[in-house]
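Visitor: return a 3D structure for these sequence lines:
(one chain, ligands or ions: 1)
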Amino acid sequence: MSGAAVELTGLTVRFVSRRRRTVAVDDVTLRVEPGEFVAIVGPSGCGKSTLLRAVAGLVPPTAGSVTLLGQPVTRPQTDIGFVFQRPALLEWRGARKNILLQAEMRGLDRAWAARRADELIELTGLTGFERALPHELSGGMQQRVALCRALLHQPPVLLMDEPFGALDALTREQLNAELNRIWRETGTTILLVTHSIAEAVFLGTRVEVMSPRPGRIVSTLPVDLPVERSYAQVMTDERFDRLSSSIRLLLGAGANH
Ligand SMILES: Nc1ncnc2c1ncn2[C@@H]1O[C@H](COP(=O)(O)OP(=O)(O)OP(=O)(O)O)[C@@H](O)[C@H]1O
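Guide: Take a look at the predicted model:
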């Protein structure tokens, strides 16, 4: 079927080494429409990162298939954006130059890339810190730089693997609110892996809950909250409580197996 931003069909990923065989992802079928924000939660080691890596073409499926914008994924995908838990910035380059690295690697038009970098710097509140080196930036600001770098080439799909896991709770909330705005303003399709139930519900248009390894999708929960979200509003919304409790229950139930 065409039209999906990402489509996984019976995706299974098995790792085989001399010592062990691990089924990291087991028969996952998932369709993500353009513009959706899908949050993926699951117990540690259940295969969430492997699933994202399969979408990026960094891990080949053992069985099943992955398509990105209707095309089969058979090699590392260069059009997508990827944000990891650690920002992985070059220590000797300022914020703006770290963002522009993406343009240099892709040979993008320099004037276009410079304008785009400035837009993103403004969008993420980094104005005034363009020349600051990574060690002069807070963890939250470093992650903003990584986000700008991932968005520079206007990827249709952004993969995020626990991007705010290393940040303190307040910075995390602030970045969640910013990510909600960036997602709305750019229309990017986002797949986010997170350990935080609150983050998943706050950001997602739906939450996919995975089982302990071998990772399967045990439940899909649509998030029936307005597209534009503020923490203060969402945290007091009874739909947030209801969804969070359901997810907690599903994760707890899974842990007993
Ligand atoms: N390249 C690899 N080679 C062998 N085994 C791997 C490889 N990558 C992941 N695994 C194994 O696959 C399983 C799933 O790992 P993965 O990192 O996808 O889980 P996760 O849900 O993202 O974990 P966490 O939440 O702790 O980050 C783990 O048992 C892991 O040891």
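
Visitor: assign Arg86 to helix, strand or coil.
Guide: Secondary structure, DSSP: H, G, I helix; E, B strand; the rest coil: Arg86 is coil.

Visitor: now it. Nearest residue, chain neighbours left out?
Guide: In this structure, Arg86 finds its nearest non-sequential neighbour in Ala166, 7.0 Å apart by CB to CB, 6 or more residues apart in numbering. To be clear about C-beta, it is placed using only N, CA and C from the backbone, and glycine gets the same treatment.

Visitor: over to Pro87?
Guide: Ala146 (3.8 Å).

Visitor: show the backbone phi and psi for that neighbour.
Guide: Here is the backbone geometry of Ala146 (degrees, to the nearest 10): phi -60, psi -40.

Visitor: count of residues packed around it?
Guide: By other CB atoms under 10 Å, 24 other residues sit near Ala146.

Visitor: just Met160 next, same as before
Guide: Met160 has 25 neighbours, counted by other CB under 10 Å.

Visitor: how far away is it from Pro72?
Guide: Distance, Met160 to Pro72, using CB to CB, to the nearest Å: 23 Å.

Visitor: Gly139 is in contact with the residue nearest to Arg86, correct?
Guide: Yes. Assessed by CB atoms under 8 Å, Ala166 is found in contact with Gly139 at 6.3 Å.

Visitor: which SS class is Val28?
Guide: Following three-state DSSP, we place Val28 in the strand state.

Visitor: what about it, distance to Arg248?
Guide: Using CB to CB, one gets 22 Å for the distance from Val28 to Arg248.

Visitor: the more surrounded of those two?
Guide: Remark: of Val28 and Arg248, Val28 carries more neighbours, 25 against 13, as counted by other CB under 10 Å.

Visitor: what residues are up against the more buried one?
Guide: Val28 makes contact with Leu8, Gly10, Leu11, Thr12, Leu51, Gly64, Gly215, Arg216, Ile217 under the criterion CB atoms under 8 Å, 6 or more residues apart in numbering.
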